[in-house]
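Engineer: next one to model:
(one chain, ligands or ions: 2)
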Amino acid sequence: MDNTLTLIKTVYEINQLEEFATPQIILAGRSNVGKSSLINCLANRKKLAKISSTPGKTRSLNYYEVDPHGYFLVDLPGYGYARCSKSERAKWAKLIDQYMLDNPHIAAAVVLLDSRHSPQQNDLDLISYFKHCNVPILPIMTKADKSKQKDRAKIQNKWEDILKIKPLCVSSKTGMNRTRLWNLLDVTAIPELAEIEEEKKED
Ligand SMILES: Nc1nc2c(ncn2[C@@H]2O[C@H](COP(=O)(O)OP(=O)(O)OP(=O)(O)O)[C@@H](O)[C@H]2O)c(=O)[nH]1
Ligand SMILES: [Mg+2]
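Structural biologist: Ligands and ions are numbered 1, 2, ... in the order given. Presented below is the predicted three-dimensional model:
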């Protein structure tokens, strides 16, 4: 059975944050990298998360519940959006810091990287931030339909050198690696699911 996603909470201000004792996987990445599109692709719905060609569309922390497993995907606001004001950027940073602070329920951060571009400083900064917070990273390369396999492999290797993990290439347009990504998310949020799958194979 396919997982389903339901938006259960949207947070714009620090005082709207609440502690959920539920495993959480963060989705993060530069503005316009394709976070909202990936959520819609995973959900198999066109308009669950708002998509726009204007960068910086998502300005809130969005909690999506994953059924039947019961963990959350948490979409973080895009960063690196040059046209938004300094004070707005500082507000986002504070909201994210507060969300991360003393949150033992974060299982991992999916870091979305554009498969057409070499590693960029703001991607590296985001990765350092999660490392500093002791949050494991799952690198994902987005918009794979927009690049040639050969070019993508070069970028993938560069990331592998830096992260020591090979990013999974996905496309929200074609659905490439959608099921693999769901499996990865499921076992990262609920490690026991990996054991259950193994047992099924042995039976
Ligand atoms: N061809 C192609 N286009 C994509 C893909 N994913 C996203 N896009 C396009 O890229 C643009 C930005 O996508 P969004 O999903 O809104 O990006 P975002 O990361 O949520 O952006 P912010 O909300 O600004 O942080 C839109 O025009 C999408 O249609 C993909 O896999 N393939
Ligand atoms: Mg978005």
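Engineer: contact partners for the residue nearest to A21 when sequence neighbours are not counted?
Structural biologist: In this structure, A21 finds its nearest non-sequential neighbour in H105, 6.4 Å apart by Cβ to Cβ, 6 or more residues apart in numbering. Bear in mind the C-beta positions are built from the backbone N, C-alpha and C, glycine included. Counting by Cβ atoms under 8 Å, 6 or more residues apart in numbering, H105 makes contact with 19-24.
Engineer: now do the strands in this structure.
Structural biologist: Applying DSSP state E to the chain gives strands spanning 4-11, 24-29, 61-67, 71-75, 106-114, 137-142, 168-169.
Engineer: dump those strands into a markdown table; add distance to ligand 2 as well.
Structural biologist: Output for the strands of the chain, formatted as a markdown table (distance: least, Cβ to the ion, whole Å):
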| stretch | distance to ligand 2 |
| --- | --- |
| strand 4-11 | 12 |
| strand 24-29 | 9 |
| strand 61-67 | 9 |
| strand 71-75 | 7 |
| strand 106-114 | 10 |
| strand 137-142 | 12 |
| strand 168-169 | 20 |
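Engineer: which stretches of the chain have low pLDDT?
Structural biologist: Scanning the chain for pLDDT under 70 picks out 1, 52-58, 78-84.
Engineer: mind redoing it with 50?
Structural biologist: Applying pLDDT under 50 to the chain flags the ranges 82.
Engineer: bridging residues for the residue nearest the centre of it?
Structural biologist: Centroid check for the chain by Cα atoms, centre = their mean gives L27 as the closest residue, at 2.0 Å. Beta-bridge pairing of L27 under DSSP bridges involves D75, V110.
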